[in-house]
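Undergrad: Attaching a predicted model along with its sequence, questions to come.
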Amino acid sequence: MVCTDNIDFTIPLQPATDRIMIKFVLMVNRQGQTRLSRYYHSVELSRRAALEADVVRYCLSRKKDQCSFVEYKDFKLVYRQYAALYIVVGITDSENELSIYELVHNFVEVLDKYFSRVSELDIMFNLDRVHIILDEMIQNGHIVETNKSRILAPLTTIDKMVDS
Amino acid sequence: MSDVVEKTLTALPSLLSLDSHPGSAKLSSTSKLGNLIRGITELTSKHEEEKLIQHELLAIKEQVSSPNTTMMKELMVRSIYCEMLGYEASFSYIHAIKLAQQGTVLEKRVGYLAVSLFLNESHELLLLLVNTVLKDLQSTNLIEVCMALTVVSQMFPKDMIPAILPLVEEKLNHPKEIIRRKAVLALYKFYLIAPNQVQHIHNKFRKALCDKDPGVMTASLHIYLQMIQENPEAYKDLTPSFVTILKQVVGGKLPMDFNYHTVPAPWLQIQLLRILSLLGKNDQSTSEVMYEVLDESLQRAEMNHNITYAILYECVKCIYTIHPKSDLLEKAAKCIGNFVLSPKINLKYLGLKALTYVVQQDPKLALQHQMTIIECLDHPDLIIKRETLELLFRITNGQNVTVIVEKMLEFLCISEDDHTTIDLVGKVAELAEKYPLKYNEWFIETMNTVFSLGGDMMQPDIPNSFLKLLSEGFDSVEEDRKLRLFAVNSYIPLLRGEPGKLPQRFLQVISWVLGEYSHLREDLEPAEVLSLLAKLLDMKNSSSETKSWVLMAMTKLCKGGADASVTQEVSETYSSSLDTVLRQRAHELQYLSQDPELRARVLPRGAKPETLEVDSSLSFLDRFVSEALAAGAAPYKPPHQRQEELDQSKALSLEPYGLSLPISMSSCSITDRQSPTLLSMSSGLSGDTLKLDGIKRVWGREGYLAQREPVEEAAQVEVPSPIQSPGRQGEGDSLHSQTPTQTPTPEPEQEKQQLASSLFVGLASQSSVSLMGKSEPMPQRFRRKAKGQGLGSSFIANEQISSSLISPPSAVDNLLCNNLLDSNNASELAEQTSQLSQSLTTANGTCHAEAELTESDTKGCNPALRRDNCVVAAGPGPHNDPGRLTEVCLDSYLPAELSGLSHSEIAPLCANQSLNLSACHVQKEDSLILVVFIMNSSESAIQQIRLVSITVGQYSLTVKRPAVHVEVVGTVSYQLPAGTSQSLQFSYKVPLTSFIRPFVVSTEEYGTMWLSFSHDTKQNLTLINDNQEPLTATLNALKKKLQLHVVEVIGMEGIVACRLLQDLPCLMHCRVNAGWLAVWLRSPVPDLPDCLIYHCQRALQSL
């Protein structure tokens, strides 16, 4: 018997779920404006705005007593609110939600340390620096550093060099 | 929660004049960036935003091209803003690269940052960054080295890794921890995008793992997690190291600044636990090494903080993944209990997630928390509900399936998210199909809901497998009939109602079922079904796919007579349809409705699905194709080739006109039986685009199957739930009729109890000794009949019966499909020119039996050998060892013109009482000669003197379609003196290399040809490292072994050409790259590059 219809020629390299990772980090405010976005998998520019709008809508619709994790498409969102600013992280299903939830707080604490009491405007006026800090913490969708002083070391060195 | 942060952020809106902050102080509020930010904060509508950003983009564009670079950093940040809001600023990409190249420290960092934000990993501009990175890596300024390493570990062009690899490796020994750490991360990136490139530095990863700095060690764990995921066996020896590291971390041996809220390096702990669970999975001895540290982790993490719960979750998962240890399991279970019972919703969620994972190993655990689970099922937060359903899905068994499915369907009705719908519908269908006969009507009803809710979004294999299940049936004929009849009964009212509201997929299913089984319902007139079906055709939103299903069903139903008018009308309408499929179906309907006899043969009623042989190579069309080709039609080109040519024609052609393809596609002739599937497959091997559709699905299914096994075992446990539920224990049918919603009780608490008893029925095992021990054997009737056939094929077969009836059975496809490169037994060979009057069949190897039969034209070869053009020889031979004899003396029978050339070893082919065949092949400059020695070994009249006669036949061979080995098949027919004719078949295998000859071209000719060839393949080969220069050494070895022509060698690159006899070229481009020889082969002949690369590999291996 020959039944070629059912032969699957695709070669699965690795089950998609096996890779635990962070897909993106977003900072959005209550008006739905993006304050920072960093994607760790390629998303076309044209589709980002729609995705961000969706993400904001999902997070804004949540009440305070609800879970900080939301299912979104084939991945999960972990969000944390600081005043009017939401920090949202998109992760794969196999990632540990709670550890990401705390990672967000660690990130905010680092920002707080650097800007000594961070505000939304600090983030806006120093977008480049916030990105540099984030790059020290997350690369390729993985957490690479969580030690606050080590995260800030390269940036403060650069700042000192600029000052002198 | 940091209250300070929150307070600051709340006090924010009034802070537009902001000068006190360190970062913002340097920005005057009148700067361009300040203006932009102010503009953005004041936006009120999307329209305003667009106006603002477009204006901004224009301004940036103007300034960016002016030579004043002091503004460049600010311009970049403004561009980043524009892109962040979704407006492309591609004109600034090149300036970002320039800034990284030329700027001062901060500018450089911003330049790198902008590059990493703007470009994706395959962007061609990234190549321009390589030199900058190279320079910065060699910089004496550490911060520049740092930046370069950061950008490298974010994105780097794969092909350029060798250029910087030595520098990055060198950094592993740098005195500064930050440099070492970043170098490790860069190597991790290389490992992700090009694992081959870092093969040789695995020992350095180990060194990084043992680094005295915890940061560097942490970085190396990324590489190890990845490598262990791919191959856990190779790293078992590292288990004690990971355990020691975790022990030290848990024991607080790290410096204080690694703590997060007094918890030592929590994310590092999580990473280590993940690694340990991979290593300990299904491995008792490895697991034993880690029990102690896992126990310690569980105890240490008792502090009440989110991050400790995150660690605990990972720890519990690890304990349930590795080889089990009872006291650890107990502790972990208690831990999960705390999670699930926690009033904090995030913890509850995580607890459910852990429970979902754990019930696969231990379904009893669900029982302990059943009341909590019931509560979660009604939780107002959808994600909790969803996770609970996921959990229930894992504990489904034959007894609780109806309740669980009902809960899932309830959720489906309120879910708005497409992704959730698709996922849940798939799960419901999966559950329903597991227990189809238990509750006949329930199964059909559930599937009806699935089809209506899932609509056209659901996975296509759901309707396919449903129909397969219906048609294949089970072991009981009566059950089958009942199931089918029930389906018919449920569909008729649907069609009578408002079929326009049903999804297309559902309509297709309905059509098929009615076509096949509506006769089971005796009170139903076919005419009525026909008119119901015809109504579907008239609906506006019916897709043409649905219409063709409907037409097919009508074809099965029409009987002539009274029904004739409906069918006549329909077939007339659609026989002129623009859709060719519909037109075909309409014609079929027309003809078959008029010829009941033919219809009964084509579409036999109640036929079990048969395995159908599909001639996917469409060999029955060969004659048509050859006629068309003879009449001047263009040969078939596979889609990828057409696309390629299209792309080429779109691009500017810089080649002079008139230089057409040097080689025509002569291989696409009559005997080219290559099927389209095969072509696309071979292109898949060489092309660089992987078709990724469906991968997830395949893996998902497999994954689930593997995971589900233990649950299934558990699901068969017969022991009823310990909860008091008299009358509901075990009995599936009574359970079905008494689901809680159907028997509401006034007290909500009692309701929950009932729900619990129906949900968790069958999970408990009173003796905790063994779950398997009590398993009830699967009733015979549940077992599906084993068919060696994939999903959906049965009804596809039915759909295509008309076309496949014509095609003759052929076993060719399978062979061709399976043996792309390693085909030992099948390949094409043609154009044999017989130099003897004898001719051999060399059509198509063993594949083409019919070709062999028709084309074989082997004339008699009388053992007496009186033919004048035969070399006849006679001589005495030993009695018992004729085979030996041939080897010894056959050499001398080689034709004189060939004797000077090198020939392969003369190998015996086959023999019978009268003939002995041997063969060898001789490589001539322009041909390959197959020499067949035919030896008469029959005994002559004189007993003592054995007469050995030998005939030698020569055949020149050429290859039409390349394969790794070419097989010649032939038949020798001969007549015995008695007059009986006999034949002897033989086959002979020649490696493709025998057909390869050097191809002498100039570099210019090579260049022109290279561009025009469409089939290619790339691969890395090992380099020969003797005292010579490796490239030359390797090329020379290949030249010697495979008869290639080295056109030119320039530096680290070389170009080589060869041809397949007679004149099918294949070009080879070689480049030395990080210890490998990167080879790129191109040819106008499909498969030739793939076959040749195989021989190159073999040739180099054998050295």
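TA: Perfect, I can see it now. Numbering: from 1, shown residues only, chains lettered A, B, ... in the order given.

Undergrad: Now do the helices in the stretch 951-1100 of chain B.
TA: For the stretch 951-1100 of chain B, helices defined by DSSP state H, counting those that start in this stretch occupy the ranges B:1003-1012, B:1030-1042, B:1088-1101.

Undergrad: who wins for proximity to chain A among the ones you listed?
TA: helix B:1088-1101 (15.0 Å; C-beta to the nearest C-beta). Where you see a C-beta, it was placed from the backbone N, CA and C, and this is true even at glycine.

Undergrad: quick one: contacts of the closest one?
TA: For helix B:1088-1101, the external contacting residues (C-beta atoms under 8 Å, 6 or more residues apart in numbering or on different chains) are B:682, B:685-686, B:820-821, B:962-964, B:991-993, B:996, B:1015-1017, B:1019, B:1021-1022, B:1024, B:1034, B:1037-1038, B:1041-1042, B:1058, B:1060, B:1064, B:1066, B:1068, B:1079, B:1081-1083.

Undergrad: Next, the buried residues of it.
TA: Neighbour counts over helix B:1088-1101 (16 or more other C-beta atoms under 10 Å in any protein chain shown) mark B:1088-1096, B:1099-1100 as buried.

Undergrad: Average pLDDT for that helix, rounded please.
TA: Averaging pLDDT along helix B:1088-1101 gives 82.

Undergrad: between it and helix B:1030-1042, what angle do the directions make?
TA: If you take axes from the mean of the first three to the mean of the last three C-alpha atoms, to 10 degrees, helix B:1088-1101 sits at 110 degrees to helix B:1030-1042.

Undergrad: wait, which of the helices of the stretch 951-1100 of chain B is closest to B:Lys482?
TA: With C-beta to C-beta as the criterion, B:Lys482 lies closest to helix B:1088-1101 of these, at 53.4 Å.

Undergrad: For chain A, which segments are assigned as helices?
TA: Remark: helices assigned in chain A by DSSP state H are A:45-60, A:97-115, A:120-125, A:127-137, A:148-163.

Undergrad: In JSON lines, list the ones you listed along with mean neighbour count, distance to chain B and mean pLDDT.
TA: Listed next are the helices of chain A as JSON lines, based on neighbours: other C-beta atoms under 10 Å in any protein chain shown; distance: least, C-beta to the nearest C-beta, whole Å; pLDDT from 0 to 100:
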{"stretch": "helix A:45-60", "mean neighbour count": "16", "distance to chain B": "4", "mean pLDDT": "88"}
{"stretch": "helix A:97-115", "mean neighbour count": "22", "distance to chain B": "4", "mean pLDDT": "95"}
{"stretch": "helix A:120-125", "mean neighbour count": "23", "distance to chain B": "4", "mean pLDDT": "89"}
{"stretch": "helix A:127-137", "mean neighbour count": "22", "distance to chain B": "5", "mean pLDDT": "95"}
{"stretch": "helix A:148-163", "mean neighbour count": "16", "distance to chain B": "5", "mean pLDDT": "92"}
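
Undergrad: Nearest to B:Glu627, out of the ones you listed?
TA: Of all those, it is helix A:45-60 that lies closest to B:Glu627, at 49.8 Å by C-beta to C-beta.

Undergrad: ok, and what's touching that closest one?
TA: Against helix A:45-60 from outside (C-beta under 8 Å, 6+ apart): A:26, A:28, A:30, A:32, A:34, A:37, A:39, A:43, A:70, A:72, A:77, A:79, A:81, A:86, A:88, A:90, B:83, B:85-86, B:88.

Undergrad: Could you report the neighbour count for the spatially closest residue to B:Ser544 that is not a sequence neighbour?
TA: Closest residue to B:Ser544 apart from its sequence neighbours, by C-beta to C-beta, 6 or more residues apart in numbering or on different chains: B:Asp579 at 4.8 Å. Under the neighbour criterion other C-beta atoms under 10 Å in any protein chain shown, B:Asp579 is assigned a count of 14.

Undergrad: what do you get for B:Pro214?
TA: Neighbourhood size, B:Pro214 [other C-beta under 10 Å]: 21.

Undergrad: just B:Pro162 next, same as before
TA: 16.

Undergrad: and what of B:Arg505?
TA: 23.

Undergrad: check which helix or strand covers it.
TA: Element membership of B:Arg505 [criterion: DSSP states H and E] is helix B:504-517.

Undergrad: related to what we said a few turns ago, so who does the residue nearest to B:Ser544 touch?
TA: With C-beta under 8 Å, 6+ apart, B:Asp579 has these contacts: B:544, B:547-548.

Undergrad: any idea which of the buried residues of helix B:1088-1101 is the one closest to B:Val570?
TA: The closest of these to B:Val570 turns out to be B:Asp1090 (C-beta to C-beta; 49.3 Å).

Undergrad: just to revisit the earlier point, check which helices and strands the helix holding B:Arg505 is in contact with.
TA: The elements that helix B:504-517 packs onto, with contact taken as 3 or more C-beta pairs under 8 Å, 6 or more residues apart in numbering or on different chains; DSSP states H and E, are helix B:440-454, helix B:461-472, helix B:477-496, helix B:526-538, helix B:544-557.

Undergrad: winner for burial among the ones you listed?
TA: Mean neighbours per residue, mean count of other C-beta atoms under 10 Å in any protein chain shown, is largest over the helices and strands packed on helix B:504-517 for helix B:544-557, with a mean of 23.

Undergrad: any weak-confidence spans in the stretch 351-500 of chain B?
TA: B:436-439 (pLDDT under 70).

Undergrad: what does it put close to chain A?
TA: B:353, B:380-384, B:386, B:417, B:419-420 (C-beta under 8 Å from any C-beta of the partner chain).

Undergrad: and if we set it to 6 Å?
TA: Residues of the stretch 351-500 of chain B found near chain A (C-beta under 6 Å from any C-beta of the partner chain) are B:381, B:383, B:419.

Undergrad: burial measure for the first one, as a count.
TA: Around B:Asp381 there are 19 other residues, counting by other C-beta under 10 Å.

Undergrad: For it, give me phi and psi.
TA: Main-chain torsions, B:Asp381, degrees, to the nearest 10: phi -80, psi 120.

Undergrad: and what of the last one?
TA: According to degrees, to the nearest 10, the main-chain angles of B:His419 amount to phi -60, psi -40.

Undergrad: Nearest spatial neighbour of it, chain-adjacent residues omitted?
TA: Leaving out its chain neighbours, the residue that sits closest to B:His419 by C-beta to C-beta, 6+ apart is A:Lys73, at 4.8 Å.

Undergrad: quick revisit: what's the closest of the helices and strands packed on helix B:504-517 to B:Ala310?
TA: helix B:440-454 (35.4 Å).

Undergrad: the inter-axis angle of the closest one versus helix B:461-472?
TA: For helix B:440-454 against helix B:461-472, the angle by the same axes, to 10 degrees is 150 degrees.

Undergrad: which strands and helices sit next to helix B:440-454?
TA: helix B:401-414, helix B:418-434, helix B:477-496 (3 or more C-beta pairs under 6 Å, 6 or more residues apart in numbering or on different chains; DSSP states H and E).

Undergrad: redo that, cut-off 8 Å
TA: Judged by 3+ C-beta pairs under 8 Å, 6+ apart, helix B:440-454 is in contact with helix B:401-414, helix B:418-434, helix B:461-472, helix B:477-496, helix B:504-517.

Undergrad: what sits up against that helix?
TA: Here helix B:440-454 makes contact (C-beta under 8 Å, 6+ apart) with B:402, B:405, B:409, B:412-413, B:421-422, B:425, B:428-429, B:432-433, B:435-437, B:458, B:462-463, B:466, B:479, B:482-483, B:486-487, B:490, B:494, B:502-503, B:505-506, B:509, B:736.

Undergrad: Much appreciated, bye for now.
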